[in-house]
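S.K.: Sharing a sequence plus its predicted fold:
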Amino acid sequence: MDRVDVLIVGAGASGGLLAAKLAQAGKSVLVMETGPQHTLGSQGDLYSSQIWARRLKWGGPGSETGGPNPLSVTFNSGWGVGGAALHHYAVWPRLHEDDFQLRSDFGVGRDWPLRYDDLRPAYDRVQKEVGISGDHKAEIWRPAGEPYPMPPVPLFEQGRLMAAGFSKLGLHTSPIPLAINTRPYNGRAACIYDGWCDAGCPIGALANPLATYLPQALAAKAQVLTGATVTRVLTNPAGTRATGVEYFDNAGMRQEQTARVVILAAFAVQNPRILLNSRDGGLANRSGQVGRGMATHPSVPVYGLFREETQNIYGVSGGQLLNQDSYAKAPGKGQQASFSWLIGNALKPNDLLGVAGSRADLFGEPLHAFMAQAAGHLAMMVYIGEDRISEDNRLTLSSQKDPYGFPVARIVHEHSQIGLRAVDVGKRQGVAVMKAAGATESWAGGLGGQHIFGGTVMGTDPQTSVTNSYGATHDVPNLFVTGTTLFASTGAVNPTFTVHALALRTADQLISRWAEFS
């Protein structure tokens, strides 16, 4: 193929948005995706089944993981057109103002090279374009922004029980902000609340890339090439200007594609891996920061068993309600990490297997009896906690190779003590809420990790960061990076809304200053 204006690696949340905006601005855009094509609708390949939905998780070469708290790479990643956003739960809160300046305001972590007010216009624009349901007035912790364009999802019995429990303890709840249609919006159907959100939402009510920006990109003549595994970014001899990428096609043949601008919009593990494989010592790595600063959200489910039926099969996977009373940073009070509660998640058969695994005290007939009751009488909520971006949590290249002879990623990860202290606070609070709600039994599940951050962290100083606030690498100005890999802090909210907002800023910057980059 002839040289294109923009080559985007990855057809997920940020890649789809960038492809749409740049193609609509008249640029020739090629999106390369290592996985297969997926399609919506009655003739599509998305089905309401958690077994089938495993096909939406990463299907490429594995990563080597280690450390006290190994990252869950497969659970968090995607496979094919739509990326991880194809199976995400569409929980879309905004980061808070104090998430952006941890070093300056609290003496820990890193500062972002921008503040909330810099990102607010992009949040507002994406919110209008995609559609978010919620209640901005009830969401008392929400930073300033435009009202949500759709009313919130309805409250089912599980949510009503949990709201009462929070209220009895003097805590607040609000409808959870979701990129899920509660009424038809921008040509997309309304949700039917059957709770199969992680299977790709075949009706398009959930804002995954197949329903939002990718159709716009294709309509504007962008091209998507599936089965194209990018292994390296190609540059001039000095490594100061990107000229294209090396990739392997569906037949396993090595190919090259030239471009004026290259954007890495792959998963958080693959972006730094590609940079490290692109050049001895890593491309765009004068700072030595490529691969550093990996992090995840510490996550714990809390369960309650009730006498009454909880209608836990209804709703959406992400939950019905939100609590962020413990979000504000609290220096000097023993807890200096934020956390949120996602409350009243819809449960399906595979979810109940996870519940069984949380009760190691039960076996045989007692476990069978417990599960028989839990199927219709269980309520749950999920703790999403902040953790610190640490240089010691690092992605490097493994001695293991992929089918094309390139090293796979090796990631070492450990939760911070600040993050783990907040987890302990959250577990105690969660169990207390369940008991206040009337649960006959309440317990916390095991510690896990949701979402992966870091590896090409943004910043103002080229000596301590990989990109600027627009995702342009300091060392290679026409090479951009997008996604959670840029985050300088994790916050305590699901990241997909922020990923979209950052990508929109990048698109605006590229379009308005095209001559500088091309």
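M.R.: Received the coordinates, thanks. Remember, it's a predicted structure, so these values are computed and weren't measured experimentally.

S.K.: Buried residues in the helix ranked longest in the chain, which are they?
M.R.: Determined from DSSP state H, the single longest helix within the chain is helix 417-436. Of the residues in helix 417-436, those buried by neighbour count under the rule 16 or more other CB atoms under 10 Å are 418-420, 422-423, 425-427, 429-436. Heads up, the C-betas are built off the backbone N, CA and C, glycines and all.

S.K.: following the helix or strand of the chain with the lowest mean pLDDT, which helix or strand shows up next?
M.R.: Here the helix or strand of the chain ranked lowest by mean pLDDT, DSSP states H and E is helix 349-357, holding a mean of 76. Sequence-wise, the next helix or strand downstream of helix 349-357 (DSSP states H and E) is helix 365-377.

S.K.: now what about that next one, what contacts it?
M.R.: Identification of contacts with helix 365-377 by CB atoms under 8 Å, 6 or more residues apart in numbering yields Leu305, Phe306, Arg307, Glu308, Glu309, Thr310, Asn312, Leu352, Val355, Ala356, Arg359, Leu362.

S.K.: Now do the buried residues in it.
M.R.: In helix 365-377, counting by 16+ other CB under 10 Å, buried: Phe370, Met371, Ala374, His377.

S.K.: Nearest to Val153 among those residues?
M.R.: Nearest to Val153 among those, counting by CB to CB, is His377 at 21.9 Å.

S.K.: State the pLDDT value of the closest one.
M.R.: Model confidence at His377, given as pLDDT, is 95.

S.K.: so what's it closest to, chain neighbours aside?
M.R.: Leaving aside its chain neighbours, His377 sits nearest to Phe306 (5.0 Å; criterion: CB to CB, 6 or more residues apart in numbering).

S.K.: Now, of the contacts of helix 365-377, which are buried?
M.R.: The neighbour-count test (16+ other CB under 10 Å) applied to these identifies Leu305, Phe306, Thr310, Asn312, Val355, Arg359 as buried.

S.K.: Identify the farthest-apart pair in these.
M.R.: Spatial extent of the buried ones among the contacts of helix 365-377 (CB to CB) is set by the pair Thr310 and Arg359 at 17.2 Å.

S.K.: wait, what's in contact with the residue nearest to His377?
M.R.: Contact analysis of Phe306 by CB under 8 Å, 6+ apart lists Leu161, His377, Leu378, Ala379, Ala437, Gly438, Ala439, Thr440.

S.K.: Tell me where the stretch 301-450 of the chain is predicted with low confidence.
M.R.: 330-335 (pLDDT under 70).

S.K.: Run through the helices of the stretch 51-200 of the chain in chain order.
M.R.: 73-76, 102-106, 116-130, 157-168 (DSSP state H, counting those that start in this stretch).

S.K.: do you know how far Thr229 is from Ala251?
M.R.: From Thr229 over to Ala251 the distance is 11 Å, taken as CB to CB, to the nearest Å.

S.K.: The two: which has the busier surroundings?
M.R.: Using other CB atoms under 10 Å as the criterion, Thr229 and Ala251 rank with Thr229 on top: 22 against 7.

S.K.: nearest residue to that one other than its sequence neighbours?
M.R.: Spatial nearest neighbour of Thr229, chain neighbours left out: Thr34 (4.4 Å); criterion: CB to CB, 6+ apart.

S.K.: same thing with Leu30?
M.R.: Nearest non-adjacent residue to Leu30, counting by CB to CB, 6+ apart: Val4, 4.6 Å away.

S.K.: try Tyr327
M.R.: Sequence neighbours aside, Ser338 is the residue nearest to Tyr327 in space, at 4.4 Å (criterion: CB to CB, 6+ apart).

S.K.: Repeat that for Leu486.
M.R.: Once flanking residues are discounted, Leu486 sits nearest to Met458: 4.6 Å by CB to CB, 6+ apart.

S.K.: Contacts only, for that neighbour.
M.R.: Trp112, Pro113, Ser465, Val466, Thr467, Asn468, Ser469, Gly471, Leu486, Phe487, Ala488.

S.K.: gap between the fourth one and Gly288?
M.R.: Using CB to CB, one gets 10 Å for the distance from Val466 to Gly288.

S.K.: can you check the third one too?
M.R.: In this structure, Ser465 lies at 11 Å from Gly288, with CB to CB as the measure.
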